[in-house]
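A.B. asks: Sequence and predicted structure, then a few things I'm wondering about:
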Amino acid sequence: FEKDNVAKTYSIILTLNNFCGQSKADTQRITILPKPFASGSSPGSPVCSGSNVQLLLGNSIGSGVSYAWRAYSGTGITGYSSRGFATDSLISLSPINSTSSIDTVYLRVVTRHDATNCIGDSITLKVAVLPDVQDNQISVTAEVCQGSLAPVISGNSPAGGSGLYLFRWQKWDGTNWISAGGNDSLKDYSAGLLTSSTLFRRLVYSGNCLSSPPSISNTDTVIILANPVVSAGADLNKCTNDGLFQLAGNPAGGSWAGTGIIGLNSFNPSVQGVGTFSFVYTYTDIKGCFSTDTVLVKVNPFPIVNAGVDQELCGNNLPINLNGGTPLGGNWSGPGVNANQFDPLQAGSSSVSLIYQYTDTNNCSNRDTIQMNLRPKPSAAFSLGGADSSCSPYTINFSNSSQTNTAESFSSLKFRWTFSHESTPDTTINPFRVFTNSGVVDSMYAIQLIATSSFGCSDTVFKSIKIKPDARAEFSPGMQISCAPFVISNSAL
């Protein structure tokens, strides 16, 4: 029975004749069904690795036809899928994966007839599968200082796929991989300014295979290094009479910049004058990360101080108040000075420098000096020309032996004699006096000599003399007439 495209029924007659001449016949009807066949088409271009493939079959002839699918890769059978009946003309296969170069996968369709188990034609459909993307690697310089642009993360040129690639960059947010943002669809990625260390990776899709799993690169981290903590110090107030000083930053070892910097870190307010000056301190650590800080130096004018004119005093003066300095409110210092008083006796020299120092509200100080010249006092001295005790009357020629103690002559001195029994001083050089005592007990006389130099410095010397009373005989007998014997006692003398 030959196959045909339509079902045909055949009558089969079996006739049996025996030797007796008898004949018997049996008739059977056999229906020959058409042989099942399959037709269809495969995709006209390579499909994405990991995608579902749909194969469109042509109409099948006859009923009761089912389909079986076998997948071949090269020469081996990789799978089997039983399908339904003829109406299943749109076939979806399981994902096909490829990890090497472009690989041809053959899908063989086998048809059969359930009622008769007739094996029909089979058709081979060829599906070209794009290989997976290979060599997806990224690399980046691992460390960058805070506040600096992150280096470009380099991605190599991948292989495999269709040769056309779509890139997607991602970063780790601590929980999930999210879009890296910015120009995240380029082969290389510029992360820009990062605030913290960040982990990156690159996804690569082949051509239009966006629904297929992408190739995932290795991960790489851009480490953000903390910049050093830098201090230029507290703002400063200086004065125009301050000398050269050094600016000090922390950590040590940085560099200074600004108007007026001398050498590495020095500044001289007396050279720059009044004003506010800004200085920037920059420190770079061993990683190359740096920070800066700024300090302001305000230079204030120093006060104008006047201690007054030089003065002359006698070396034996009493302490005097020093109150001639301006502005008011300063302090005096120097030999013989205590609590803004000057004691010539404590000066220790004939000429001393006294300093008046004043500090204003800006803590700027200035000083001025006066010379305190101490004139020596004369040495007052005299002699009595005799004993300091005598009987009345006692005449004394006083001998003035005072000294000037300077280059001046003796004649430049002035003298003032004072006698305790006289009210009027005597200014002669060598006076004389007659001292008497009309009493009955000794009399004491005080003599004072004041010698004064031409500058007005003076010295005083004191002496005293004792004058005994004149001799005198007197007694009282108590009565002028008496009986003998008559006795006169010493008490009557």
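C.D. replies: Looks like it came in fine.
A.B. asks: Quick check: Leu313 touching Ile320?
C.D. replies: Yes: with contacts counted by CB atoms under 8 Å, Leu313 reaches Ile320, the gap being 7.1 Å. All C-beta atoms are positioned from the backbone trio N, CA, C, and that covers glycine.
A.B. asks: Identify the contacts common to these two.
C.D. replies: Taking CB atoms under 8 Å, 6 or more residues apart in numbering as the criterion, Leu313 and Ile320 both touch Phe342.
A.B. asks: Comparing the two, which residue is more hemmed in?
C.D. replies: Taking other CB atoms under 10 Å, Leu313 and Ile320 do not tie; Leu313 has more neighbours (18 against 13).
A.B. asks: so which helix or strand takes in that one?
C.D. replies: strand 311-314 (DSSP states H and E).
A.B. asks: Just after that strand, pick out the following helix or strand.
C.D. replies: strand 320-321.
A.B. asks: So which residues make contact with the helix or strand following that next one?
C.D. replies: Sequence-wise, the next helix or strand downstream of strand 320-321 (DSSP H and E) is strand 331-333. Residues outside strand 331-333 that contact it (CB under 8 Å, 6+ apart) are Leu322, Gly325, Asn340, Phe342, Leu354, Ile355, Tyr356, Gln357, Tyr358.
A.B. asks: Centre of the chain to strand 331-333, how far?
C.D. replies: Strand 331-333 sits 41 Å away from the centroid of its parent chain (CA atoms, centre = their mean, to the nearest Å).
A.B. asks: List the pairing partners of that strand within its sheet, with orientation.
C.D. replies: strand 351-359 (antiparallel) (DSSP bridges).
A.B. asks: Next SSE downstream of the strand it pairs with?
C.D. replies: strand 365-375.
A.B. asks: Which other helices and strands does the helix or strand just after that following strand contact?
C.D. replies: For strand 365-375, the following helix or strand on the C-terminal side (DSSP H and E) is strand 382-383. Packing partners of strand 382-383 (3 or more CB pairs under 8 Å, 6 or more residues apart in numbering; DSSP states H and E): strand 399-400.
A.B. asks: Direction included, what does the strand it packs on pair up with?
C.D. replies: Each strand paired with strand 399-400, and its direction, by DSSP bridges: strand 382-383 (antiparallel).
A.B. asks: who's in contact with the strand it pairs with?
C.D. replies: With contact meaning CB under 8 Å, 6+ apart, strand 382-383 is reached by Phe398, Ser399, Asn400, Ser401, Ser402, Ile447, Leu449, Val461, Lys463.
A.B. asks: Now a ChimeraX select for only the buried ones of these.
C.D. replies: The ChimeraX command for the buried members of the contacts of strand 382-383 (criterion: 16 or more other CB atoms under 10 Å) is given here:
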select :398,400,402,447,449
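A.B. asks: in the stretch 101-250 of the chain, what spans have low per-residue confidence?
C.D. replies: For the stretch 101-250 of the chain, applying pLDDT under 70 flags the ranges 101-126, 211.
A.B. asks: now the strands for it?
C.D. replies: For the stretch 101-250 of the chain, the strands defined by DSSP state E, counting those that start in this stretch occupy 103-113, 119-129, 138-139, 143-145, 152-155, 165-172, 177-179, 189-190, 198-206, 215-216, 220-225, 236-239, 245-246.
A.B. asks: wait, isn't Val229 in contact with Ser291?
C.D. replies: Yes: if you go by CB under 8 Å, Val229 and Ser291 touch, sitting 6.9 Å apart.
A.B. asks: which one of these two has more residues nearby?
C.D. replies: Between Val229 and Ser291, counted using other CB under 10 Å, Ser291 has the larger neighbour count: 20 against 10.
A.B. asks: So the more buried one versus Asp235, what's the distance?
C.D. replies: The gap separating Ser291 from Asp235 is 18 Å, by CB to CB, to the nearest Å.
A.B. asks: ok now do the nearest residue to Leu236 once chain neighbours are set aside, which residues does it touch?
C.D. replies: Distance criterion CB to CB, 6 or more residues apart in numbering; nearest residue to Leu236, sequence neighbours excluded, is Val297 at 4.7 Å. By CB under 8 Å, 6+ apart, the contact set of Val297 is Asp235, Leu236, Asn237, Lys238, Phe267, Pro269, Thr276, Phe277, Ser278, Phe279.
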